[in-house]
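Quick one, fold the following:
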Amino acid sequence: MTGSPHEAAIDLISLPGTPLADAVVNLIRPVETPSVFNHSVRSYLFARLVAGRLGLAVGHDYHDDLLFAACAMHDLGVASDGPHSHRFEVEGADRAAAFLIERGVPAADADRVWQAIALHTSPGIAERHGTLCVLVREGVALDFGGPLGGGHIDAVTDEQADAVHAAYPRLDMIRSLTDAIVAQAAKNPANAPRYTIPGEFLRERETYGRTRMEHACSSSRWGD
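Residues are numbered from 1 along each chain as shown. Below is the predicted model of the structure:
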């Protein structure tokens, strides 16, 4: 029997609710802006929709706790309490893997999360490193509404998007996240290698006052 629309909406925005997922939320919520926190959670919700579209089954093709951990912590490298000594993707991956290992997650699983976070800004590479990397990359791309590429922008209906955004509003996410990446990149030359996302964001902000990503997202599906 098909559930009610209300039940479907609850399922759409539900989080794993496991001790590990709760610990991840408690880690990131105090150290990320509300905008970046919401983006991280939406990336997970969208990644689940992509998984369904690809015919991937939770518990068989991917582990829900690991997907949540990787999506929720994928921007941990711009957190306010970080060391800010590496490019943000690597710093976030390092922190996430260490956090998982401290909580008893097997090293092989923590490494899969590390790869998914470290490669989430690397199209053409992330897709060749397993299901978790694919889903994290696609979930993040979906939350940008198109400019990051990915082939699953239509995996989310307008009704689903409205429910996700009502639960986790965007709060000018593009500007907020770009501000955080640029601020982290500016702290150390090692944080902003040329031709990487942080390096190019920093250069474009300093040169033009606005990144190409911000410009592209102004006309994206979500509008910010």
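
Can you give me the buried ones in the longest helix belonging to the chain?
Assignment by DSSP state H gives helix 34-53 as the longest helix of the chain. Neighbour counts over helix 34-53 (16 or more other CB atoms under 10 Å) mark 35-51 as buried. No exception for glycine: its C-beta is placed from N, CA and C like everyone else's.

what do you get for stretch 60-67?
By 16+ other CB under 10 Å, the buried positions in stretch 60-67 come out as 62, 63, 64, 65, 66, 67.

So which of those residues belong to helices?
Counted as lying in helices by DSSP H, out of these, are 64, 65, 66, 67.

Give me the pLDDT for the third one.
Going back to what we said before, that points to residue 66. pLDDT, residue 66: 98.

quick one, what contacts it?
By CB atoms under 8 Å, 6 or more residues apart in numbering, the contact set of residue 66 is 105, 109, 112, 113, 132.

And for the second one?
Residue 65 makes contacts with 16, 18, 20, 21, as judged by CB under 8 Å, 6+ apart.

can you tell me which helix or strand the last one belongs to?
So that's residue 21. helix 19-28 (DSSP states H and E).

chain center to that helix, what's the gap?
15 Å (CA atoms, centre = their mean, to the nearest Å).

could you give the angle of that helix to helix 34-53?
In terms of direction (axes from the mean of the first three to the mean of the last three CA atoms, to 10 degrees), helix 19-28 departs from helix 34-53 by 150 degrees.

Name the surrounding residues that touch helix 19-28.
15, 37, 40, 65, 68-69, 72-73, 76, 79, 99-100, 103, 105.

can those residues go into CSV with extra columns for distance to residue 123 and secondary structure?
Listed next are the contacts of helix 19-28 as CSV, based on distance: CB to CB, whole Å; DSSP: H, G, I helix; E, B strand; the rest coil:
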residue, distance to residue 123, secondary structure
15, 27, coil
37, 24, helix
40, 19, helix
65, 26, helix
68, 22, helix
69, 22, helix
72, 21, helix
73, 20, coil
76, 21, helix
79, 24, coil
99, 26, helix
100, 25, helix
103, 30, coil
105, 27, coil
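
Could you tell me which of these count as buried?
Here, 16+ other CB under 10 Å leaves 15, 37, 40, 65, 68-69, 72-73, 76, 79, 99-100, 105 buried among those.

so which of the residues you listed comes closest to residue 186?
Nearest to residue 186 among those: residue 79, at 15.8 Å, using CB to CB.

Distance check, that closest one against residue 30.
Remark: distance between residue 79 and residue 30 (CB to CB, to the nearest Å) = 9 Å.

How about residue 125?
32 Å.

just residue 224 next, same as before
Counting by CB to CB, the gap from residue 224 to residue 30 is 24 Å.
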